[in-house]
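# predicted model, plus sequence, below.
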Amino acid sequence: MTSSPRPENPEHVWALMQTFVEANAPRTKLRQQLGMTLGTGRGKVKTLIQLAERPLSLGEIADALQFDRPYATVIVNQLEAHGMVERTLDPLDRRRKLVSLTRAGAGVVATARRVINTPPAALGLLSPDELAQLAAIFTRLTSEHVPGA
């Protein structure tokens, strides 16, 4: 006789959370909205979103996104080829170049943020009380002061 995992089992809850997050990951919607121009990786979208804050050097992009520098160069080269970013001389240090968004890149960022920030439809099925409970649970789990952590 095989017993089903108990809901209070942390492994079972973790598996349910992973299944929910994976089923609702925005990557498919991002591909649909942004087209195949950006490919299948998340590096390009992450880079564009990072550049929305301010122009950055290749080293700053690599550091901010925890990429190695050659990968950051590949990403920026691809984005530049698609007209989403441009490189200019840093006015404070003419030995380095800054990468900044173009108008097309800013449009991609706006679309990506809209897709990423749209909650899964399934959350709309929860009552306000259930949403408050879920928010309280995730707040507790993500706080720095989790007892026993």
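Yep, it's here.

# for G59, the count of nearby residues, please.
For G59, the neighbour count with other CB atoms under 10 Å is 11. Every residue, glycine included, has its C-beta placed from N, CA and C.

# can I assume it is in contact with D68?
No - using CB atoms under 8 Å, G59 is not in contact with D68; the gap is 10.8 Å.

# is the residue sitting nearest the centre point of the chain in a helix, a strand, or coil?
For the chain, K46 is the residue whose C-alpha lies nearest the centre (CA atoms, centre = their mean; 5.8 Å). Under DSSP: H, G, I helix; E, B strand; the rest coil, the three-state class of K46 is helix.

# per-residue confidence for it?
Reported pLDDT at K46 in the predicted model: 92.

# not counting sequence-adjacent ones, nearest residue to it?
Take K46 and drop its neighbours on the chain: the residue closest to it by CB to CB, 6 or more residues apart in numbering is L65, 5.4 Å away.

# if I look at that neighbour, how far off is A81?
When distance is defined by CB to CB, to the nearest Å, L65 is 19 Å away from A81.

# the two: who's more crowded?
L65 (17 against 10).

# could you say what helices and strands the lengthiest strand in the chain packs with?
Criterion DSSP state E: the longest strand present in the chain is strand 93-101. Helices and strands touching strand 93-101, by 3 or more CB pairs under 8 Å, 6 or more residues apart in numbering; DSSP states H and E, are helix 43-51, helix 58-65, strand 85-90.

# mean neighbour count, those: which tops it?
Comparing the helices and strands packed on strand 93-101 by mean neighbour count (mean count of other CB atoms under 10 Å), helix 43-51 ranks first with a mean of 22.

# now for this protein, the helix or strand with the poorest mean pLDDT.
Lowest on mean pLDDT, DSSP states H and E among the helices and strands of the chain sits helix 27-34, with a mean of 82.
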